[in-house]
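# the sequence and its predicted three-dimensional model are supplied below.
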There are 2 protein chains.
Amino acid sequence: MGKKIFGVDLGGTTVKLGLFNEEGVVEEKWEIPTRKEDQGAHILPDIAESILKKMEEKGLSKESDVAGVGIGVPGPVDEKGIIHKAANLGWGEFSVSEELAVLLGGIPVVAGNDANVAALGEMWMGGGRGCENIVAVTLGTGVGGGIIVAGKVVSGASGAGGEIGHIHIEDDETESCGCGNCGCLEQYASATGISRLAKRRLEKDDKPSILRERSISAKAVWDAVKEGDELAIEVARQFGSYLGKGLAAVAAVVNPEVFVIGGGVSKAGEILFDYIRDEYKKYVFHGSREARFVLATLGNDAGIYGAARLVLS
Amino acid sequence: MGKKIFGVDLGGTTVKLGLFNEEGVVEEKWEIPTRKEDQGAHILPDIAESILKKMEEKGLSKESDVAGVGIGVPGPVDEKGIIHKAANLGWGEFSVSEELAVLLGGIPVVAGNDANVAALGEMWMGGGRGCENIVAVTLGTGVGGGIIVAGKVVSGASGAGGEIGHIHIEDDETESCGCGNCGCLEQYASATGISRLAKRRLEKDDKPSILRERSISAKAVWDAVKEGDELAIEVARQFGSYLGKGLAAVAAVVNPEVFVIGGGVSKAGEILFDYIRDEYKKYVFHGSREARFVLATLGNDAGIYGAARLVLS
């Protein structure tokens, strides 16, 4: 019997935890609240306590039964496991992996950025299974990315690897992105971005659309696309053009085998790819033309899977 | 005394070879012609013969004195050392590393794409020395790139990693790039691209410029910039805007510590950075704003250095 691994996905309101075997099968999943008071001082002790309790419950000894603990955190983490800042947890710069390892009595801990870690999860047991070079794209409130090269997460020099939502894609934009720049991919391809494109299109003229009777959201746009609404289809084309162009730039850098598309927007399903794929092919270098597009399959569990996989990297 | 390493840089007309120690000191450098006849069938045997002769001359035994041979080849090479095509050598798809290893009587061989390998050389002993996350940018006839993440070359799924010259950067371009697409970075930031920008600018109106009396080349443009020529400075600004924007996209993906700029255009010197840096900062995600720009220092030797370094990866 192989050793067990704990995968921890530290979010702003809850911490998800999973107990895995080395083959990637999750044997148990649970959650604890993220206590953010006192500059987040309770977070790691709470996690350690929960893991140690689970080990006791399962009769697992730290010496012979546990290979390690992986943790994904919401902020930039460099290759040495140093988090550079996680504003929404109240954390400054310190070594998450070292601190948690001490709290766990010396069990090895590996830390990574949550988006990168989720990408690793999708590579291991999700949409990118069987591939070693993947780009995971999370189309949610923002656009996140996780770059996996030769089976390893690309953290970058200061933990800002995979920030593909902030590729500059539109020179004519006048509104600012959350990052302070103008014309970032995230301003067009996130859920918020899609709503924005739809609102702008609706304001442009009086073209009829079922969207005029609905409250605008990314979901409403994709539902309308599926119903054949012409205006919604125009919006979907704009979305696809921006995202296809952005992912073509990503491919020119890392030449992935597959793009794994997740996040709330991906619930629209494979219809997304009808709008992304041709635009991608139009802009991409021929050596990367064959990259596939697949949907993420692990949903909210990608983080615990990837965190567990970190231990095996 | 440590072992020796051979670094081989296979070019279209000559093969450069170097004998290194494991600290990166080159002890001897020499060249042989690249015989391209018979679909390039003589190339690897010629290289093997030259290496074996050098070993005999130096009294090096393959069992105890040679750590391995690294080779950079002009075509896409995947992580398993398979070259996918090198049209200008007449080569199809085969394992360069395995074939050369057999010819060398079993000395371990590692192969990589030449641009990626040169990047590794600059990381090891050149402009990126001391860094593990670098992007090498070659501004020559085209724009090449070599991406190094955590000390390793990013080859990509099919050897097309680092093709940053083919990031789409200009929607309004009507002329085609060599790759078949329109609006690639290479069309503006290569030596050819700079000449093209200058010609277009000269044709636009009658603004006086010393470039009107000279034959147009990238060197002529940078010379004119140094002489304070206003029109040349306009061209340099265009160049810088395209390249800054392109490198900002690269940084959003891999977050390098340093950009190492080489190739013929880089002979203009650090003045290039005056035009690239501010544009880069304008478009880049804040987490990558601190990336440095340095000049490549190994020139034409980057290939043999990097090839030798492959053996240590």
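That came in fine, so what should we check first? Numbers count the residues shown, from 1 in each chain, chains lettered A, B, ... in the order given.
# buried residues in the longest helix seen in chain A?
Among the elements of chain A assigned as helix by DSSP state H, the one spanning the most residues is helix A:230-254. By 16 or more other Cβ atoms under 10 Å in any protein chain shown, the buried positions in helix A:230-254 come out as A:231-254. The way it works is simple: take the backbone N, C-alpha and C, and place the C-beta from them, glycine included.
# next: stretch A:259-271.
With burial defined by 16+ other Cβ under 10 Å, the residues of stretch A:259-271 counted as buried are A:259-263, A:265-266, A:268.
# which of those has the weakest pLDDT?
Lowest pLDDT among these: A:Gly263, with 91.
# would the worst-scoring helix or strand of chain A on mean pLDDT count as contacting chain B?
When the helices and strands of chain A are compared on mean pLDDT, DSSP states H and E, strand A:82-83 comes out lowest with a mean of 86. No - contact of strand A:82-83 with chain B (Cβ under 8 Å from any Cβ of the partner chain) is absent, the minimum separation being 12.8 Å.
# how about the strands in chain A?
Remark: strands of chain A, listed N- to C-terminal, are A:4-10, A:14-21, A:26-33, A:66-73, A:82-83, A:94-95, A:109-113, A:134-139, A:143-149, A:152-153, A:258-262, A:292-295; assignment by DSSP state E.
# centre of the chain to stretch A:18-38, how far?
Its chain's average C-alpha position is 17 Å from that of stretch A:18-38, according to Cα atoms, centre = their mean, to the nearest Å.
# which residue lies farthest from the center of chain A?
No residue in chain A has its C-alpha farther from the mean C-alpha position than A:Asp206, which lies at 37.2 Å (Cα atoms, centre = their mean).
# how long is stretch A:16-36 end to end?
Here the two ends of stretch A:16-36 are set 15 Å apart, with distance taken as Cα to Cα, to the nearest Å.
# thought A:Ala136 was touching A:Glu122?
Yes - here A:Ala136 lies in contact with A:Glu122, judged by Cβ atoms under 8 Å, at a distance of 5.2 Å.
# about what we covered before: please enumerate residues in contact with the least confident helix or strand of chain A?
Outside of strand A:82-83, the residues that reach it under the criterion Cβ atoms under 8 Å, 6 or more residues apart in numbering or on different chains are A:73, A:75-77, A:91, A:93-96, A:111, A:159.
# before we move on, back to that, format the strands of chain A as TSV; extra columns: distance to A:Ile216.
Converted to TSV, those look like this (distance: least, Cβ to Cβ, whole Å):
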stretch	distance to A:Ile216
strand A:4-10	31
strand A:14-21	29
strand A:26-33	32
strand A:66-73	32
strand A:82-83	36
strand A:94-95	42
strand A:109-113	31
strand A:134-139	17
strand A:143-149	19
strand A:152-153	35
strand A:258-262	22
strand A:292-295	24
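# of all those strands, which lies closest to B:Asp171?
When those are ranked by distance to B:Asp171, counting by Cβ to Cβ, first place goes to strand A:143-149 at 20.0 Å.
# quick one, what contacts the nearest residue to A:Lys207 once chain neighbours are set aside?
Spatial nearest neighbour of A:Lys207, chain neighbours left out: A:Leu231 (5.3 Å); criterion: Cβ to Cβ, 6 or more residues apart in numbering or on different chains. Applying Cβ under 8 Å, 6+ apart, one finds that A:Leu231 lies in contact with A:201-202, A:207-209, A:211, A:224.
# closest to chain B out of the residues you listed?
Ranked by distance to chain B (Cβ to the nearest Cβ), those are led by A:Arg201 at 19.0 Å.
# for the stretch 1-150 of chain A, give the residue positioned nearest to chain B.
Across the stretch 1-150 of chain A, the shortest distance to chain B (Cβ to the nearest Cβ) belongs to A:Asn133, at 4.4 Å.
# the nearest residue to that residue once chain neighbours are set aside and A:Lys152: what is the separation?
Of all residues not flanking A:Asn133 in the chain, B:Ala157 sits nearest, at 4.4 Å (Cβ to Cβ, 6+ apart). When distance is defined by Cβ to Cβ, to the nearest Å, B:Ala157 is 14 Å away from A:Lys152.
# these two: who's more crowded?
With other Cβ atoms under 10 Å in any protein chain shown as the criterion, B:Ala157 and A:Lys152 differ in neighbour count, and B:Ala157 comes out ahead with 25 against 18.
# center of chain A - which residue?
A:Ala115 (3.5 Å).
# ok, the nearest residue to it once chain neighbours are set aside - contacts?
Spatial nearest neighbour of A:Ala115, excluding adjacent residues (Cβ to Cβ, 6+ apart): A:Gly144 at 4.1 Å. By Cβ under 8 Å, 6+ apart, A:Gly144 lies in contact with A:115, A:137-138, A:162-165, A:263.
# over to A:Ser217?
When contacts are counted by Cβ under 8 Å, 6+ apart, A:Ser217 is found next to A:191, A:195.
# got the confidence number for it?
In this model, A:Ser217 is scored at 97, pLDDT.
# over to A:Met1?
The model reports A:Met1 with a pLDDT of 62.
# okay then, goodbye and thanks.
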